[in-house]
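Student: give me the fold of what follows.
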Amino acid sequence: KAVLKEFKDSWINGTFANVAAQLGVDLFDRQGWAAYNRGEKITPRPEMEIINMAINFLKRSKTELEKAAEDTKVREVVEATLGEIAKRGDEAVRELSKKFDNYVPDNFKLNKSEINAAMQKVSSKDMEDIKFAQQQIRNFAEAQRASITDIEIESMPGVILGHRNIPVQSVGCYVPGGKFPMVASAHMSVLTASVAGVPRIIASAPPVNGEPHPAIVAAMHMGGAHEIYVMGGIQAVGAMAIGTENIDPVHMLVGPGNAFVAEAKRQLYGRVGIDLFAGPTETMVIADDTVDAELCATDLLGQAEHGYNSPATMITCSEKLARDTLIEIERILKILPTSETASASWKNYGDMIVCDTHEEMLSVANEMAYEHVQIMTDRDDWYLEKMHSYGALFLGPRTNVANGDKVIGTNHTLPTKKAGRYTGGLWVGKFLKTHSYQRIQTDEAAKLVGEYGSRLCILEGFVGHAEQCNIRVRRYGGKNIPYGEAAE
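Tutor: Alright, predicted model coming up:
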């Protein structure tokens, strides 16, 4: 594999286009780019100085072109479906629910008696477990909330500046429940919004076997949801964001989901706020020979079972560990009850990458920017310090992604598809808006700031802006400034 000299520490295999864009150069001719997009082996132009870098793929996932084609199909379906919801409201939601979930109730919103009836079906042990998990998540969310403070300062005599952190006024929380009922997603979204102080929290999850899933309803209710709906997929996030005859639209959508839910959130962004792009789950294992193949394979397949398109990647500097893990994956897939989905994800979206050094492993990991990153090496703290693009880190062999998903206390709604390059995961701060304010309290300050403001506005050609400053200088500073001119 090759890298440009200027990017010798950056992973290149599979991402030539990204590096080329950063450098502002054309690495290949038109035919070369076409070959790259087909996933074929490509050779940089001979005049480009290159350096060999020992990164070897023992297993590759689908090409970027194949993945992009799938994304295009999803995008078209979502666009058409959201259009129907916008035009026909409840009628469209009802048709979609019938089509995808075979569920057409009199009302998608659960009333108090229906909520209580659902909760009665949850065993006492399951209820205890839900309460324990929610307490851990609440503890961490409350600590995060306490770290966010309003401020007010006097920036100069007579000038007061400040900001307030104000909760979003209404939030729609989506809880996946199709193939697997994601009870924990209710804690992560509903409860965290409640800790943030959101005054209207609505939550929706698809029906399971033709009825509301009892544990999901319990988690939503105990987490603090004000309205609970039984809707899934595009119709759920579309109805919450766009609104229907019977559902008032929200200001923000949060929660994970499949590719269709993630795309719906992307298309609805702007009409409403969203937490982040949280699509099909991704997991990465960074390991060296301090751990064994069984542990690595278990952690890879534990997340690959989410769905048929859940990327799972292992990066290691031990070829023996890599090959042993490949063998162990095949062994576990023969006994794993969810092997149908896990094997499909591993076949089409699994990567096994062998590097020479930890520095190369770090570079690859930061470039891929996966959602979950499990680190099991002789230098876990080094990775904690050096990693900059990811959803969440899980450090050491005692830690695992499943604990983070369900109970340990951090939020499991995390960025996917490289969104970790520019955002972290869902947390209490996502539900807060930081709004600034200012106040001038003295005539002297009004005159001083106004004079500077007047001149700076005229510098940019904004005479109307300048007059906002000038009129204050005249009134509070006693200074006569000709109309439309800069203050002296």
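Student: which stretches in the stretch 201-350 of the chain count as helices?
Tutor: 214-223, 233-242, 259-268, 293-304, 319-333, 339-349 (DSSP state H, counting those that start in this stretch).
Student: let me have those in JSON lines, extended by mean neighbour count, mean pLDDT and distance to Ala287.
Tutor: (Glycine included, C-beta is placed from N, CA and C.) Shown next, in JSON lines, are the helices of the stretch 201-350 of the chain (neighbours: other CB atoms under 10 Å; pLDDT from 0 to 100; distance: least, CB to CB, whole Å):
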{"stretch": "helix 214-223", "mean neighbour count": "25", "mean pLDDT": "98", "distance to Ala287": "33"}
{"stretch": "helix 233-242", "mean neighbour count": "28", "mean pLDDT": "97", "distance to Ala287": "36"}
{"stretch": "helix 259-268", "mean neighbour count": "22", "mean pLDDT": "94", "distance to Ala287": "28"}
{"stretch": "helix 293-304", "mean neighbour count": "23", "mean pLDDT": "97", "distance to Ala287": "5"}
{"stretch": "helix 319-333", "mean neighbour count": "17", "mean pLDDT": "97", "distance to Ala287": "6"}
{"stretch": "helix 339-349", "mean neighbour count": "19", "mean pLDDT": "95", "distance to Ala287": "16"}
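Student: closest one to His358 among the ones you listed?
Tutor: Using CB to CB as the measure, helix 319-333 is the one of these that comes nearest His358, at 13.6 Å.
Student: that older thread, turn the helices of the stretch 201-350 of the chain into a markdown table, columns for distance to Ile286.
Tutor: Listed next are the helices of the stretch 201-350 of the chain as a markdown table, based on distance: least, CB to CB, whole Å:
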| stretch | distance to Ile286 |
| --- | --- |
| helix 214-223 | 32 |
| helix 233-242 | 33 |
| helix 259-268 | 25 |
| helix 293-304 | 10 |
| helix 319-333 | 11 |
| helix 339-349 | 18 |
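Student: among the ones you listed, which comes closest to Ala486?
Tutor: With CB to CB as the criterion, Ala486 lies closest to helix 259-268 of the helices of the stretch 201-350 of the chain, at 45.5 Å.
Student: how far does stretch 410-429 stretch from start to finish?
Tutor: Stretch 410-429 has an end-to-end distance of 13 Å (CA to CA, to the nearest Å).
Student: how about stretch 170-179?
Tutor: Stretch 170-179 has an end-to-end distance of 28 Å (CA to CA).
Student: nearest to Val77, of the helices of the stretch 201-350 of the chain?
Tutor: helix 259-268 (6.8 Å).
Student: next up, identify which helix or strand the spatially most central residue of the chain is on.
Tutor: Against the mean C-alpha coordinate of the chain, by CA atoms, centre = their mean, the closest residue is Pro415 at 2.8 Å. According to DSSP states H and E, Pro415 maps onto no helix or strand at all.
Student: surely it meets Leu426?
Tutor: No: counting by CB atoms under 8 Å, Pro415 does not reach Leu426; the two are 9.3 Å apart.
Student: shared neighbours, these two?
Tutor: Counting by CB atoms under 8 Å, 6 or more residues apart in numbering, the contacts common to Pro415 and Leu426 are Leu276, Ala278.
Student: on that earlier part again, pLDDT at the residue nearest to the centre of the chain, what is it?
Tutor: We have a pLDDT of 94 for Pro415.
Student: quick one: contacts for it?
Tutor: Going by CB under 8 Å, 6+ apart, Pro415 touches Leu276, Phe277, Ala278, Ala369, Glu371, Gly391, Thr423, Gly424, Gly425.
Student: from Asp90, how far off is it?
Tutor: Relative to Asp90, Pro415 is positioned 33 Å away (CB to CB, to the nearest Å).
Student: just Asn258 next, same as before
Tutor: Taken as CB to CB, the span from Asn258 to Asp90 is 23 Å.
Student: of these two, which one has the most company?
Tutor: Asn258 (23 against 15; other CB atoms under 10 Å).
Student: the more buried one contacts Gly279, correct?
Tutor: Yes: counting by CB under 8 Å, Asn258 touches Gly279, with 7.3 Å between them.
Student: where along the stretch 51-200 of the chain do the strands fall?
Tutor: Under the criterion DSSP state E, counting those that start in this stretch, the stretch 51-200 of the chain carries strands at the ranges 55-59, 151-156, 159-167, 170-174, 200-205.
Student: quick one: which of the ones you listed is nearest Thr290?
Tutor: Taking the strands of the stretch 51-200 of the chain one by one with CB to CB, strand 55-59 is closest: 19.6 Å.
Student: parallel or antiparallel, list what pairs with that closest one.
Tutor: Under the criterion DSSP bridges, strand 55-59 sits next to strand 350-355 (antiparallel) in its sheet.
Student: show me what the following helix or strand past the partner strand is packed against.
Tutor: For strand 350-355, the following helix or strand on the C-terminal side (DSSP H and E) is helix 358-368. Judged by 3 or more CB pairs under 8 Å, 6 or more residues apart in numbering; DSSP states H and E, the packing partners of helix 358-368 are strand 283-287, strand 312-316, strand 350-355, helix 380-386.
Student: 10 Å instead?
Tutor: Applying 3 or more CB pairs under 10 Å, 6 or more residues apart in numbering; DSSP states H and E, we find helix 358-368 packed against strand 55-59, strand 283-287, strand 312-316, strand 350-355, strand 372-376, helix 380-386.
Student: with mean pLDDT and distance to Arg331 as extra columns, can I get the ones you listed in JSON lines?
Tutor: Below are these laid out as JSON lines (pLDDT from 0 to 100; distance: least, CB to CB, whole Å):
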{"stretch": "strand 55-59", "mean pLDDT": "83", "distance to Arg331": "16"}
{"stretch": "strand 283-287", "mean pLDDT": "98", "distance to Arg331": "17"}
{"stretch": "strand 312-316", "mean pLDDT": "97", "distance to Arg331": "16"}
{"stretch": "strand 350-355", "mean pLDDT": "96", "distance to Arg331": "15"}
{"stretch": "strand 372-376", "mean pLDDT": "98", "distance to Arg331": "19"}
{"stretch": "helix 380-386", "mean pLDDT": "98", "distance to Arg331": "27"}
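Student: out of the ones you listed, which gets nearest to Ala184?
Tutor: Short answer: strand 372-376, nearest of these by CB to CB, at 13.7 Å.
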